[in-house]
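Visitor: I would like the atomic coordinates for the input below:
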Amino acid sequence: MDKHEIVGMFAVQGAVLGIKEYGSGHINRTELVEMEQGGQRRQYILQQINTDIFQNVDELMENIVGVTDFLRRKITARGKDPDREALCVIPAKDGASYCRADGKCYRMYRFIQDAVSFDAVKKPSDFYESALAFGTFQSLLADYPADTLHETIADFHNTPKRFAAFEKAVQADVCGRAQAAEKEIAFLKEREGEVSVLVDLLDAGKLPLRVTHNDTKLNNVMLDAKTGKGICVIDLDTVMPGLSVYDFGDSIRFGANTAAEDEADLSKVSLDLELYEQYVKGYLKGCQGSLTELEKKMLPTGAKLMTLECGMRFLTDYLSGDTYFRIHREHHNLDRCRTQLALVADMERKWEQMADIVAKAES
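Guide: Numbering: from 1, shown residues only. Sure, this is the predicted structure:
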């Protein structure tokens, strides 16, 4: 079945003018569909869902439809434009949230016009706007029943379980690589006592369960092409129950690093405190008072633990033979791990400054 026929399975009218690959995502295959409808040209996003990663598509799409419908109602009630500020799932003609064709699963969204996204921070205001958008996302969903969401990837940010998998990989050493990573293994083991901090606070009821995005990179926020304002959070595949500090922390890990995620020259790796401060301010403003005092206090811990966890995952994959993360050179995952751990070390050096920035932003 060709793509024109697949588009025809969705509840859209008009003739297909063109279909082309779109975006820089590595998980799902994304295409931009242009259609003629009543003399006007309209665009849609068609995605082939990666069912190797997201094996229960019914649960995945139930999460996305539930969250997007909730967001659209909230945005409409605020007098804003839901077609601009939230994803809109286009149903299949049979009413389902996705369709199957040739053993593959597809979904469709309305395309957000006159908006852009960036893979890296070009200027501090971009990072601030992404923080504002993710904070607003958190605020809008503050009263959504998080426990009704499915886990699309089980234990995604369960740092103690990630640590257990790391230890198992070290012990097995199936590729004989542990000796090359002795310093990194020691670095992680020295911080074993920290890995369960957030999970323990959640289990004790001291941190609330939230609707979390779990992939809060800059390129998952659409910015208005004219004003540069953050308008819509996209890529909701990993929306799950979790902690607000996870989302904050992953943004800092990715966006406030002065170096690329796989930079081999560790002298280039550090936490950019200016970008960190911009993100703190934007995130807290977007959250509009919806976070508890303890959540705000734990924001630096979220940044450190998400970075530590990511480094741990890269190292686990390296020791296991590079079976999860795609690599483009020898020892690529070890380089990625070293970058993350260097960033953790710099956060530790700047810990008091990180905490002071949060305290001043909320005062």
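Visitor: Surely residue 180 is in contact with residue 334?
Guide: Yes - at 6.9 Å, residue 180 and residue 334 qualify as touching, with contact defined as CB atoms under 8 Å. Backbone N, C-alpha and C define where each C-beta goes, glycine included.
Visitor: Who has more neighbours out of those two?
Guide: residue 334 (22 against 14; other CB atoms under 10 Å).
Visitor: helix or strand for that one, which one?
Guide: Using DSSP states H and E, residue 334 sits in helix 332-349.
Visitor: Contacts for the very next helix or strand once past that helix, please.
Guide: Sequence-wise, the next helix or strand downstream of helix 332-349 (DSSP H and E) is helix 351-362. Identification of contacts with helix 351-362 by CB atoms under 8 Å, 6 or more residues apart in numbering yields 271, 273, 276-277, 280-281, 284, 296-297, 299-300, 303, 347.
Visitor: for the helix or strand hosting residue 318, the distance to its chain's centre please.
Guide: Per DSSP H and E: residue 318 is located in helix 299-320. Mean-position distance between helix 299-320 and its chain equals 14 Å (CA atoms, centre = their mean, to the nearest Å).
Visitor: and if you look at stretch 354-363?
Guide: That offset, for stretch 354-363, works out to 24 Å (CA atoms, centre = their mean).
Visitor: for the residue positioned nearest the centre of the chain, phi and psi?
Guide: Nearest to the geometric centre of the chain sits residue 215, at 0.7 Å (CA atoms, centre = their mean). Here is the backbone geometry of residue 215 (degrees, to the nearest 10): phi -150, psi 60.
Visitor: what do you get for the one 4 residues further on?
Guide: Residue 219 adopts backbone torsions of phi -80, psi 0, taken as degrees, to the nearest 10.
Visitor: That one contacts residue 116, doesn't it?
Guide: No - using CB under 8 Å, residue 219 makes no contact with residue 116, being 9.9 Å away.
Visitor: higher neighbour count, those two?
Guide: residue 219 (19 against 14).
Visitor: How much space separates the more buried one from residue 277?
Guide: From residue 219 across to residue 277, the span is 21 Å (CB to CB, to the nearest Å).
Visitor: Quick check: the gap between the spatially most distant residue from the centre of the chain and residue 27.
Guide: Computed with CA atoms, centre = their mean, the residue of the chain farthest from its C-alpha average is residue 39, at 37.4 Å. From residue 39 over to residue 27 the distance is 36 Å, taken as CB to CB.
Visitor: Check residue 217 too.
Guide: Residue 217 is 12 Å from residue 27, by CB to CB.
Visitor: any low-confidence regions in the stretch 51-200 of the chain?
Guide: Within the stretch 51-200 of the chain, no stretch has pLDDT under 70.
Visitor: just the strands in the stretch 101-250 of the chain please.
Guide: Listed in chain order, the strands of the stretch 101-250 of the chain (DSSP state E, counting those that start in this stretch) span 104-110, 115-116, 210-212, 221-224, 230-233, 240-242.
Visitor: Excluding chain neighbours, give the residue nearest to residue 31 in space.
Guide: residue 46 (4.8 Å; CB to CB, 6 or more residues apart in numbering).
Visitor: okay, now the one you found: neighbour count?
Guide: Residue 46 - counted by other CB under 10 Å - has 21 other residues nearby.
Visitor: right, and it touches residue 30 too?
Guide: Yes - counting by CB under 8 Å, residue 30 is a contact partner of residue 46 at 7.5 Å.
Visitor: Could I get the buried residue list for stretch 187-207?
Guide: 187, 188, 191, 195, 196, 197, 198, 199, 201, 202, 207 (16 or more other CB atoms under 10 Å).
Visitor: Name the residues that touch stretch 54-61?
Guide: Looking at what lies outside stretch 54-61 - CB under 8 Å, 6+ apart - the contacts are 49, 51, 89, 97, 98, 105, 107, 150, 152, 153, 237.
Visitor: Return a PyMOL selection command for the buried portion of the residues you listed.
Guide: Buried subset of those, written as a PyMOL selection, criterion 16+ other CB under 10 Å:
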select buried, resi 49+89+97+98+105+107+150+152+237
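Visitor: Nearest to residue 1 among the contacts of stretch 54-61?
Guide: residue 105 (12.9 Å; CB to CB).
Visitor: In contact with that closest one, which residues are there?
Guide: 48, 49, 51, 57, 98, 99.
Visitor: Now these in a markdown table, please, with extra columns for secondary structure.
Guide: Output for the contacts of residue 105, formatted as a markdown table (DSSP: H, G, I helix; E, B strand; the rest coil):
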| residue | secondary structure |
| --- | --- |
| 48 | strand |
| 49 | coil |
| 51 | coil |
| 57 | helix |
| 98 | coil |
| 99 | strand |
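Visitor: Widest-spaced pair of those residues?
Guide: Longest span within these, CB to CB: 51 and 99, 13.2 Å.
Visitor: residues touching the nearest residue to residue 345 once chain neighbours are set aside, list them.
Guide: Closest residue to residue 345 apart from its sequence neighbours, by CB to CB, 6+ apart: residue 187 at 7.9 Å. Applying CB under 8 Å, 6+ apart to residue 187 gives the contacts 341, 344, 345.
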